[in-house]
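> I need the structure of the sequence given here:
(4 chains)
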Protein chains: 2
Amino acid sequence: MGRTYSIRQLTKEMGVTSRTLRHYEDEGLLTPERQGLARIYSQRDRARLQLILRGRRVGFSLAEIREILDLYNSEDHGVAQFQHSRKKFAERIVALEAQRKDIDESIAELKLALARADNFLAEHHAEQNPPRVKMTGYSVMPAAE
Amino acid sequence: MGRTYSIRQLTKEMGVTSRTLRHYEDEGLLTPERQGLARIYSQRDRARLQLILRGRRVGFSLAEIREILDLYNSEDHGVAQFQHSRKKFAERIVALEAQRKDIDESIAELKLALARADNFLAEHHAEQNPPRVKMTGYSVMPAAE
DNA sequence: GCCTCCGTTTACGCGAACGTCAAGAAGAGT
DNA sequence: ACTCTTCTTGACGTTCGCGTAAACGGAGGC
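Have a look, this model is predicted:
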């Protein structure tokens, strides 16, 4: 339960540098305890770090991530605060769903490009790759609009 | 068919500044023709720009986008080139699918947070928002692991 | 002729997210 | 006591993706 982590342990586990963790601390995203000078990271710090890193992977800025984290464990749990949080969460969800659409479209396009490459290779290397439907005259650029 | 666009038209249509278009040109992502000094963008330029902007939205760097665009309309259409392209496309697809997973998880978490906010608001404002299942003691931070 | 757009190039600036020294503290092992 | 290793705090450097002047070039309208 009360498991703690040194900075080195956390960097190895999460695949980031210690500089990154200190930077997140400077930015107010993490607030590990201290034992003398050394930082002691709690489970909670670890969980927050996971959220931070995933946020980063989906394109959030550190400022945006901090805002979300602040909403999560705000001290003020009044009605106004929850209304504000609700709105912010809803906005983020909408943005993420739009981004998901972009990703799906990108994947679809790349799969098309991959299929074209496979087809070319099947035609020019017929006994190695299983041959597929013959395609000719496909455009190099995806169609506009 | 042979429709062309001025820089201003394109910026308005795509919601970017002219500086951005010139920057993309500096980076080799766009190569509009010239009429004297003025840039003349073709349909193909427009299509490429759409790809660039979508790539940006999903988090690609301009260098990565350039690489993909280069794969799309490489002049060398030999077997080796197609094999290389195929591999690159496959890598991108894998990365995008991982990113999609991150996004789905983020959405799920935000929806949970939103539901908690709704619940709180329902409890403390019972006649305005339709009441929901009573929840108590929910944690402020999502579970670790 | 002059104004007003729309366009151009050159080039310095900037915020974000760290990287990369430099210099030292603090404990663990021999 | 000495060396390792891991940690610390500055603080300057770097890359990316443009923003932001500054200074100038045509083309069209009055």
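
> ok, how many other residues are close to A:Ile68?
21 (other C-beta atoms under 10 Å in any protein chain shown). (C-beta placed from N, C-alpha, C; glycine too.)

> An error on my part: the question was meant for A:Asp70.
Residues near A:Asp70, counting by other C-beta under 10 Å: 14.

> Mind telling me what element it is part of?
Per DSSP states H and E, A:Asp70 falls inside helix A:62-72.

> Tell me which helix or strand comes right after the longest strand anywhere in chain A.
As assigned by DSSP state E, the longest strand anywhere in chain A is strand A:38-42. Using DSSP H and E, the helix or strand that follows strand A:38-42 towards the C-terminus is helix A:43-57.

> Just checking that following helix against chain B, any contact.
Yes. Residues of helix A:43-57 contacting chain B under C-beta under 8 Å from any C-beta of the partner chain: A:Gln43, A:Arg44, A:Arg46, A:Ala47, A:Arg48, A:Gln50, A:Leu51, A:Arg54, A:Gly55, A:Arg57.

> Verify the stated contact: A:Leu71 with A:Ala90.
No. A:Leu71 lies out of contact with A:Ala90 (C-beta atoms under 8 Å); the separation is 11.7 Å.

> which of those two has more neighbours?
Set side by side, A:Leu71 and A:Ala90 show more neighbours around A:Leu71, with 20 against 15, by other C-beta under 10 Å.

> Please name the residues that touch that one.
Contact analysis of A:Leu71 by C-beta atoms under 8 Å, 6 or more residues apart in numbering or on different chains lists A:His84, A:Ser85, A:Lys88, A:Phe89, B:Ala113.

> and the gap between it and A:Ile52?
Distance from A:Leu71 to A:Ile52, counting by C-beta to C-beta, to the nearest Å: 14 Å.

> and the angle for whichever strand or helix holds A:Ser106 with helix A:43-57?
Per DSSP H and E: A:Ser106 is located in helix A:79-123. Helix A:79-123 runs at 50 degrees relative to helix A:43-57, counting by axes from the mean of the first three to the mean of the last three C-alpha atoms, to 10 degrees.

> Which secondary structure elements does helix A:79-123 sit against?
When contacts are defined as 3 or more C-beta pairs under 8 Å, 6 or more residues apart in numbering or on different chains; DSSP states H and E, helix A:79-123 sits against helix A:62-72, helix B:43-57, helix B:62-72, helix B:79-123.
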